[in-house]
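[1] quick one, structure for this:
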Amino acid sequence: MKSSNGVRRQSRLWLAAAALTVLAACGGGTAQIEPFAPTRIISFGDEASLITSDGKKYTTNGLNATTLVRDCTVNPIWVQSLASVFGLAFPQCNPNPLNAITPTGLMYATAGGQVADVKLKIDQHFAVSGFNPKDLVTIMVGANDVLEVYKRFPAQSEASVTEEVRARGRLLAAQINRIANAGGRVIISTLPDMGLTPYAIQQKAANIDTDRAALLSRLTVEFNVAMRLDIINDGRLIGLVLLDETIQAAVRFPGNFNLVNATEAACLATVAIQDCTSATLVTGASADTWLWASDTLLSAKGQALLASLAQTRAQNNPF
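    Numbers count the residues shown, from 1 in each chain. The predicted structure follows:
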């Protein structure tokens, strides 16, 4: 009769042999993990993710260094930067039209878009196409929802407007899950803290009934939390980007993010945001060192911060 030590030793030998057999069958001694290589990028959301048909963006648009003409490849927004990591592009701004790059990006983001608009755009996409594991889908929406609902206060109570933003966050989660369940790989960003925008600072100064900036922050939190609680949390289909936390850190410690100004809008108020360029900024402003382009929209620097987060998540998520 074998001793218990002998049985354990023999068991370990059997397990080791079995492991070597599996490795041999795989053709080598290391596991092979196929990196995520999407063939299409599909963007849903509001103006923060939008490139118009003539290449304009709702941020500090860049100019060609030589011609000083607006150039859509300069100061890319986050979805452009994310696409470029995978060699993809949107037809609204193709950086290499002469290099046989066929832009496969689909732009569903809309100016002023809200969660309900994203649902309609997803419905439209399903009517003509679907999603597959090679689709990288980006979604960031809800800022316009929060701003719209906020304006109902104080005619409606804080409890009432809070429940409304929660409902919209849950509706967004349902749309994200629709895409994930259909096979798409989703990068979803939380909203930036709307209580830290130049608009919120102005609202706080103009109203004495309550701290309006704090209220906008609370509404942002409620929206983001409601969305996060309801999305599929298997770590594989959906990659979450925490823009809210990054903006909070950037406003609190601007120097750590090479920011000079994190509280004011860089673009002239007399210029439509989609027409704002580095030549139409307020005195002393810079697209590279100011966080906000308008009262509520990120500058090129803010977009770059979001792009970095999204790129890291897309490349490291086990899609």
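
[2] how far out from the middle of the chain is the helix or strand encompassing residue 42?
    Assigned by DSSP states H and E, residue 42 belongs to strand 40-45. Mean C-alpha position of strand 40-45 versus that of the full chain (Cα atoms, centre = their mean, to the nearest Å) differs by 10 Å.

[3] helices and strands around the helix or strand following that strand, which ones?
    Using DSSP H and E, the helix or strand that follows strand 40-45 in sequence is helix 78-85. Applying 3 or more Cβ pairs under 8 Å, 6 or more residues apart in numbering; DSSP states H and E, we find helix 78-85 packed against strand 40-45, strand 135-140, helix 300-316. Bear in mind the C-beta positions are built from the backbone N, C-alpha and C, glycine included.

[4] sorry, back to before: need the contact partners of the strand holding residue 42.
    49-50, 79, 82-83, 86, 88, 90, 104-109, 113, 118, 121-122, 125, 131, 134-141, 175, 184 (Cβ atoms under 8 Å, 6 or more residues apart in numbering).

[5] quick check: angle from that strand to helix 300-316?
    Counting by axes from the mean of the first three to the mean of the last three Cα atoms, to 10 degrees, strand 40-45 lies at 130 degrees to helix 300-316.

[6] can you list the strands that strand 40-45 pairs with?
    Note on strand 40-45: by DSSP bridges, its sheet partners are strand 106-107 (parallel), strand 135-140 (parallel).

[7] quick one on the thing from earlier: wait, which of the helices and strands packed on helix 78-85 is closest to residue 64?
    helix 300-316 (14.7 Å; Cβ to Cβ).

[8] gap between that closest one and the chain center?
    8 Å.

[9] buried residues in that helix, which are they?
    300-307, 309-311, 313-314 (16 or more other Cβ atoms under 10 Å).

[10] for that helix, packing partners?
    Contacts defined by 3+ Cβ pairs under 8 Å, 6+ apart place helix 300-316 against helix 78-85, strand 135-140, strand 185-189, strand 238-241, helix 243-252, strand 290-292.

[11] each with direction, which strands does the third one pair with?
    The pairing partners recorded for strand 185-189 under DSSP bridges are strand 135-140 (parallel), strand 238-241 (parallel).

[12] let me see the mean pLDDT of the strand holding residue 42.
    The average pLDDT for strand 40-45 rounds to 98.

[13] what angle separates that strand from helix 78-85?
    Here strand 40-45 points in a direction 170 degrees away from that of helix 78-85 (the same axes, to 10 degrees).

[14] how about the CA coordinates for strand 40-45, as CSV?
    Output of strand 40-45 as CSV, limited to C-alpha atoms (Å, rounded to 0.1, in the frame of the first residue of the first chain):
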residue,chain,number,x,y,z
ARG,A,40,-14.5,48.8,-37.7
ILE,A,41,-15.1,51.6,-35.2
ILE,A,42,-18.6,52.9,-34.6
SER,A,43,-19.3,56.0,-32.6
PHE,A,44,-22.4,56.9,-30.7
GLY,A,45,-23.0,59.9,-28.5
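
[15] next, the buried residues of that strand.
    40-45.

[16] how much space between the spatially most central residue of the chain and residue 149?
    The residue lying closest to the centre of the chain (Cα atoms, centre = their mean) is residue 189, at 3.7 Å. Going from residue 189 to residue 149 by Cβ to Cβ, to the nearest Å gives 19 Å.

[17] ditto for residue 311
    31 Å.

[18] same question for residue 203.
    Counting by Cβ to Cβ, the gap from residue 203 to residue 149 is 14 Å.

[19] who has more neighbours out of these two?
    residue 149 (22 against 19; other Cβ atoms under 10 Å).

[20] about what we covered before: which of the contacts of strand 40-45 are buried? Put it as a PyMOL command.
    Entered in PyMOL, the line below selects the buried ones among these, by 16+ other Cβ under 10 Å:
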select buried, resi 49+50+79+82+83+86+88+90+104+105+106+107+108+109+113+118+121+122+125+131+135+136+137+138+139+140+141+175+184
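
[21] isn't the residue nearest to the centre of the chain up against residue 241?
    Yes. Under the criterion of Cβ atoms under 8 Å, residue 189 makes contact with residue 241 at 4.2 Å.

[22] for these two, list the residues in contact with both.
    Common neighbours of residue 189 and residue 241 (criterion: Cβ under 8 Å, 6+ apart): 306, 309-310.

[23] number of residues surrounding residue 155?
    Residue 155, neighbours per other Cβ under 10 Å, totals 8.

[24] ok, residue 44 to residue 118 distance?
    Distance from residue 44 to residue 118, counting by Cβ to Cβ: 5 Å.

[25] where do the contact lists of those two overlap?
    What both residue 44 and residue 118 touch, as defined by Cβ under 8 Å, 6+ apart, is the set 108, 139, 141, 175.
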